[in-house]
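Trainee: following is a predicted model, sequence given first.
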There are 2 protein chains.
Amino acid sequence: MELVNIYECLCDLTRLRLLNVLAHGPLCVCHFQEILGEPQVKTSKHLAYLRSRGLVEVERVGNWRIYGLPAKPSRELRANLACLQDCVREKAVFRRDLARLKKLSPKFAATGPCGCS
Amino acid sequence: MELVNIYECLCDLTRLRLLNVLAHGPLCVCHFQEILGEPQVKTSKHLAYLRSRGLVEVERVGNWRIYGLPAKPSRELRANLACLQDCVREKAVFRRDLARLKKLSPKFAATGPCGCS
DNA sequence: GAACTATATTCCTCAATGGGAATATGAATC
DNA sequence: GATTCATATTCCCATTGAGGAATATAGTTC
């Protein structure tokens, strides 16, 4: 994974928001959708973009795709994700996303690996 | 300055190389040109790009434009530049650029603010 | 003021990106 | 096997970016 590929992923607000949420654990696409309030296509495409550059990994569970940060991130990726966390901590959009994540977590947890149904 | 603007600047190898050199002090365009071995248009354009996003500042000295990192960088910028330094330290291209910088520094210093002439 | 120097800008072309509408895929359920 | 559900993919369009050739600009020097 090249350093530039990491930064390519970071230069879009939607992807930054996804990574911010991802830092707190893996989720399926419809959960990201609900937390960010973004349409399905947009969410799915950006996750695919992140995946194409190795910033996320996918696991298939029934109908769902669970996206999470890599199990073994490179040194560069770890450093940049940590830096991102630091930069983002006080920004409104990102805090709001995390607030929604917290609020929706019980609902998500209610129905197996995914509370979509 | 938005976080995304910083990452936009970081997602191109030439600009990463420029920033890496810049971390060791301001220089004029032709010096960057010589260190990176890139044509004038390319160098000038990427510096303009960095400037448009506030990652560098320019000072005019006679015919030269001296590009340097901002005197008062934002917290985000500082964090990301530090992270970049850390990520780049062992990569060949970047080390090579710094080696050239070191080698050429005396020559640069020889003629006032710029040793081009 | 003419020539030179360092740098920026303008055109051009090509490739990549973002976003949405519509459609495809593939697993689960009835 | 038809339907539903979660997700991906395809097409479309508009914007942006990278790179180079050529030209413009503006300061310096003779």
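Mentor: Looks like it arrived, so ask away.
Trainee: what about stretch A:110-117, average pLDDT?
Mentor: Mean pLDDT, stretch A:110-117: 58.
Trainee: for A:Thr43, grab the count of nearby residues.
Mentor: 22 (other C-beta atoms under 10 Å in any protein chain shown). Where you see a C-beta, it was placed from the backbone N, CA and C, and this is true even at glycine.
Trainee: near chain B, which residues of chain A are found?
Mentor: Where chain A comes near chain B, counting by C-beta under 8 Å from any C-beta of the partner chain, the residues are A:3-4, A:7-8, A:10-13, A:16, A:75-76, A:79-80, A:82-83, A:86-88, A:91.
Trainee: where do the helices sit along chain A?
Mentor: A:3-10, A:13-22, A:29-36, A:40-52, A:75-88, A:92-110 (DSSP state H).
Trainee: next, the buried residues of the longest one.
Mentor: This means helix A:92-110. Under the neighbour-count criterion of 16 or more other C-beta atoms under 10 Å in any protein chain shown, helix A:92-110 has A:94, A:97-98, A:100-101, A:105, A:108 buried.
Trainee: likewise for the first one?
Mentor: Buried positions in helix A:3-10, judged by neighbour count with 16+ other C-beta under 10 Å: A:3, A:5-10.
Trainee: tabulate those residues (a markdown table), appending pLDDT and distance to B:Glu34.
Mentor: Formatted as a markdown table, the buried residues of helix A:3-10 follow (pLDDT from 0 to 100; distance: C-beta to C-beta, whole Å):
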| residue | pLDDT | distance to B:Glu34 |
| --- | --- | --- |
| A:Leu3 | 97 | 24 |
| A:Asn5 | 98 | 28 |
| A:Ile6 | 98 | 29 |
| A:Tyr7 | 98 | 26 |
| A:Glu8 | 98 | 28 |
| A:Cys9 | 98 | 32 |
| A:Leu10 | 98 | 30 |
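Trainee: for those residues, which one is nearest DNA strand C?
Mentor: A:Glu8 (5.4 Å; C-beta to the nearest atom of the strand).
Trainee: can you tell me the closest non-neighbouring residue to that closest one?
Mentor: B:Cys11 (4.5 Å; C-beta to C-beta, 6 or more residues apart in numbering or on different chains).
Trainee: close to DNA strand C: what parts of chain A are there?
Mentor: Contact residues, chain A versus DNA strand C (C-beta under 7 Å from any atom of the strand): A:8, A:11-12, A:14-15, A:38-39, A:41-42, A:45-46, A:49, A:62-63.
Trainee: go with 10 Å
Mentor: A:4-5, A:8-15, A:38-46, A:48-50, A:52-53, A:60-64, A:112, A:117 (C-beta under 10 Å from any atom of the strand).
Trainee: could you flag which of the residues you listed are buried?
Mentor: Of all those considered here, the ones buried according to neighbour count by 16+ other C-beta under 10 Å are A:5, A:8-12, A:14-15, A:38, A:43-44, A:46, A:49-50, A:53, A:64.
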